[in-house]
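Student: Just the structure for this:
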Amino acid sequence: METTKSLQRALIPDDENGEVLRRMFDDGDDLSLPRGIDFHLVFGEQAQAHGFAGQAAMLPELLVSPPEVDEEGIWMVSVRRHMPASHAAITALEQQLALVAQAFEGYPDGWSCSAAASVDEDGDDIDDA
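Tutor: Sure thing, here's the model as predicted:
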């Protein structure tokens, strides 16, 4: 079992996304379980953020939050997809969103997620707290 875990950890690519995923894995998160993963993109102007949000909303399986502005005047749009925490899937979606954001002079500002909820054999969440 320990050899399998070591191999799973070693197969995570050595880049920024991989570093985050390895920390999650080391904390006991089952990366194969789906969860909401939020991708954050930033823009200098309200119109750019709204333009991006409209384009991103046309992509499949995404939930796009309305643009919000922070205290420094930076506009952020968060995009969520429910999916496993797979390096390949996260990186591919991050790159796809970056290309759309680039058309509106925006850029990615990372991603975040919570640990996947454990489920029992009936598919019900197990509360570990």
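Student: Show me where the chain has its helices.
Tutor: Using DSSP state H, the helices of the chain run over 2-10, 16-26, 46-56, 87-102.
Student: contact partners of the shortest one?
Tutor: Applying Cβ atoms under 8 Å, 6 or more residues apart in numbering, the set of residues contacting helix 2-10 from outside is 22, 25-26. (Glycine included, C-beta is placed from N, CA and C.)
Student: What's the PyMOL syntax to select whichever of those are buried?
Tutor: Here is the PyMOL command that selects the buried residues among the contacts of helix 2-10 (16 or more other Cβ atoms under 10 Å):
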select buried, resi 22+25
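Student: about what we covered before: which of the helices of the chain sits closest to Ser112?
Tutor: Distances from Ser112 to each of the helices of the chain were compared by Cβ to Cβ, and the smallest falls on helix 16-26, at 8.9 Å.
Student: nearest to Met76, of the helices of the chain?
Tutor: Using Cβ to Cβ as the measure, helix 46-56 is the one of the helices of the chain that comes nearest Met76, at 7.3 Å.
Student: ok, and what's touching that closest one?
Tutor: By Cβ under 8 Å, 6+ apart, the list of residues contacting helix 46-56 from outside reads 41, 43, 62, 64-67, 69, 75-77, 79, 97, 100-101, 103-106.
Student: Can you flag the buried ones in these?
Tutor: Applying the neighbour count, that is 16+ other Cβ under 10 Å, the buried entries in these are 41, 43, 62, 64, 67, 75-77, 79, 97, 100-101, 104, 106.
Student: Adding distance to Gly51 and pLDDT, write the residues you listed out as CSV.
Tutor: As requested, those are exported to CSV (distance: Cβ to Cβ, whole Å; pLDDT from 0 to 100):
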residue, distance to Gly51, pLDDT
Leu41, 12, 98
Phe43, 9, 98
Leu62, 16, 97
Val64, 12, 98
Pro67, 10, 98
Trp75, 11, 98
Met76, 14, 98
Val77, 10, 98
Val79, 14, 98
Leu97, 13, 98
Val100, 9, 98
Ala101, 10, 98
Phe104, 5, 98
Gly106, 9, 98
